[in-house]
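Turn this into a structure:
(2 chains)
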Amino acid sequence: MTEPIFKIKNLNVFYGEKHALKEVTCDIPQRKVTAVVGPSGCGKSTFLRVLNRMNDLIPSYRHTGSVKLLGDEILDMDPVLLRKHIGMVFQKPNPFPKTIQENVTYGPRIHGIRNRQVLREITEKSLKQAALWDEVKDELKKNAANLSGGQQQRLCIARALSVEPDVLLLDEPTSALDPIATQRIETLIEELSEKYTIVIVTHNLQQALRISDYVMFFYVGELVEFDTTEKITSNPKDQRTSDYLRGIFS
Amino acid sequence: MIIDRMAKIVFGIISYLLVTIILLIVGFLILSGLDDINLEFLTSFPRNSMTEGGIWPSILGTVYFLSIALLFSVPVGILAAVYLSEYSKENRLQRLVLTANNILAGIPSVVFGMFGLSLFSITFGFGTSVIAGGLTLGIMSLPYIISNTHESLVAVPKSYREASMALGANKAETTFKIVIPASSSRILTGVIIAIGRIIGETAPLLFTGAAFYITRNPSSPFEPAMALPTHIFVLSAIYPDNVTPKLEGSVSVLLIIVVALFMSVAIRRRRESRKMEG
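As a prediction, this is how the structure comes out:
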């Protein structure tokens, strides 16, 4: 295993009285695809949103423990600064009601890039990385709402890549897409994993097994098992993992 | 079955009656003044104790009063609504502010007139002036702008805010670069509604800013001005008979503006809802 990008120790998460994540300890490897799986309500989305502190937007939320990103403690960091290093793509495609280009350049602009030439280069590079460039290069000034669902989601990936993040968090990115669009995103994830660390929450176990290098299995707020995808599928150590894999609960 | 059908007919008649009443009032008043309106009427000063001439200073004065009002109420109202929807927690204080806002919308306009007189004209020393009248109308329009803007901002999907925050934007950047632009069309609709509500206000201006009769336009905001609604009041209250054509013409002009404003709101709303459907 390469040097981990996240080192997580005794992470506990609470929503008011609810103990949503319990003593999670693990290392997430760099430039690999780590899939977070588990039944509904197991805390997998919560876990993902710890990594870019998106949970902080929820008033009753609180956390304890330690999460280090390349050695820096992120639980003490200013979340706004942290999020500049971590891209996120959401369940439902959520492009801004602006043009395609404005969607991609929003992040860089926020971070102070004003030069038009630079912004154009970022737009092209990000859209190419997201495998969308060829489809939209002649309509960058069109409203992003006119794109299809799959294109919108790839635009959201391009938007997340525009700020050159260290990590890409994907929260069930294909659950609102048709099978063909889903397949394109899966191929894209594999390509991106050469350059980026990807953590993906997915409800679709088959998808997790197809695209991931590592699997984290959560059950009722507990990290039950974390191993390479191969080991998890061939030889799960915990009964609950093997039950989940065999589809006894989902 | 029969009861249902009868209910439908009765309720239908009642609701179409409403349309008829509005059409009668608006249509009758607009039509009766239409033949008094011409270019001279719109562009000249009243003459000969207002029995002749036109309403140019009233039109211009109304524009002045509204400009001051909006200069005050649009920024203040939008920022207040931003606070309510983006910053304040859903607690008692927020409910209190929203309730106070609704009460403000229900306060009789004559009370606003007294308030403006005492605060702007006397305490601030603005006297009877465009600025005193404009600020009074501004306060009157505030609740419409706040509640409309608040509703527009709340209607912006949470996913836009999340996407922006996830890119490292702070709350202010998210609010001003994403949330407000996404709702700007609806916010503007709210401003038009507010204009429609205050453009015909008479009582507040009588207390704070309306000139009875002027022969030259105000040269600064600290002078009084004429306005369409107060001009109508003056003509109808002071000159019972011999200004009827001028009165009808003035009413007609004011109503045409109001109807145009609310028609534009209806058109904008329809366009917005079509956009929402995709």
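
contacts and neighbour counts: CA atoms only from here.
Fine.

and the residue of the stretch 151-278 of chain B nearest chain A?
Residue nearest to chain A within the stretch 151-278 of chain B: residue B:168 (4.6 Å; Cα to the nearest Cα).

Residue A:95: neighbour count?
26 (other Cα atoms under 10 Å in any protein chain shown).

Which residues of chain B lie near chain A?
Taking Cα under 8 Å from any Cα of the partner chain as the contact definition, chain B meets chain A at B:159-160, B:162-170, B:173, B:178, B:182.

ok but residue A:7 is inside a helix, no?
No: under DSSP: H, G, I helix; E, B strand; the rest coil, residue A:7 sits outside any helix and is assigned strand.

check which helix or strand covers the closest residue to it other than its chain neighbours.
Sequence neighbours aside, residue A:27 is the residue nearest to residue A:7 in space, at 4.6 Å (criterion: Cα to Cα, 6 or more residues apart in numbering or on different chains). Per DSSP states H and E, residue A:27 falls inside strand A:18-29.

Kindly check the end-to-end length of stretch B:41-58 for me.
End-to-end distance for stretch B:41-58: 11 Å, by Cα to Cα, to the nearest Å.

Contacts for it, please.
With Cα atoms under 8 Å, 6 or more residues apart in numbering or on different chains as the test, stretch B:41-58 has contacts from B:40, B:59, B:213-217, B:225-228, B:231, B:242-243, B:246, B:250.

Helices along chain A, start to end?
For chain A, applying DSSP state H gives helices covering A:44-51, A:79-83, A:100-110, A:116-129, A:133-136, A:149-161, A:179-192, A:205-211, A:229-234, A:239-245.

Next: the stretch 151-278 of chain B.
With helices called from DSSP state H, counting those that start in this stretch, the stretch 151-278 of chain B shows them at B:158-166, B:171-173, B:180-198, B:203-208, B:228-238, B:244-277.

and those helices, which is most packed in?
Highest mean neighbour count among the helices of the stretch 151-278 of chain B (mean count of other Cα atoms under 10 Å in any protein chain shown): helix B:203-208, with a mean of 26.

Could you work out the most separated pair of the residues of chain B next to chain A?
Farthest-apart pair in these is B:168 and B:182; separation 18.8 Å (Cα to Cα).

Now do residue 90: how many residues are near it, please.
I went with chain A, as the question did not name one. 21.

Not quite, go with chain B.
The local packing of residue B:90 (other Cα under 10 Å) involves 10 other residues.

Check the spacing between it and chain A real quick.
Between residue B:90 and chain A the computed distance is 10 Å (Cα to the nearest Cα, to the nearest Å).

Report pLDDT for that residue.
Note for residue B:90: predicted pLDDT of 81.

and the helix or strand residue B:138 falls within, average pLDDT?
Using DSSP H and E, residue B:138 maps to helix B:130-154. Averaging pLDDT along helix B:130-154 gives 96.

likewise stretch A:181-199?
The average of the pLDDT scores along stretch A:181-199 is 93.

Extract the CA atoms of that stretch and return them as PDB.
Provided in PDB are the C-alpha atoms of stretch A:181-199 (Å, rounded to 0.1, in the frame of the first residue of the first chain):
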ATOM      1  CA  ALA A 181     -24.300   7.500 -18.600                       C
ATOM      2  CA  THR A 182     -23.300   5.400 -15.600                       C
ATOM      3  CA  GLN A 183     -20.900   3.400 -17.600                       C
ATOM      4  CA  ARG A 184     -19.300   6.500 -19.000                       C
ATOM      5  CA  ILE A 185     -18.800   7.900 -15.500                       C
ATOM      6  CA  GLU A 186     -17.300   4.500 -14.300                       C
ATOM      7  CA  THR A 187     -14.800   4.500 -17.200                       C
ATOM      8  CA  LEU A 188     -14.000   8.100 -16.300                       C
ATOM      9  CA  ILE A 189     -13.400   7.200 -12.600                       C
ATOM     10  CA  GLU A 190     -10.900   4.600 -13.700                       C
ATOM     11  CA  GLU A 191      -9.000   7.100 -15.800                       C
ATOM     12  CA  LEU A 192      -9.000   9.700 -13.100                       C
ATOM     13  CA  SER A 193      -7.700   7.300 -10.500                       C
ATOM     14  CA  GLU A 194      -4.300   7.500 -12.200                       C
ATOM     15  CA  LYS A 195      -4.000  11.100 -11.100                       C
ATOM     16  CA  TYR A 196      -6.400  11.500  -8.200                       C
ATOM     17  CA  THR A 197      -7.300   9.800  -5.000                       C
ATOM     18  CA  ILE A 198     -11.000   8.900  -5.300                       C
ATOM     19  CA  VAL A 199     -13.400   8.100  -2.500                       C
END
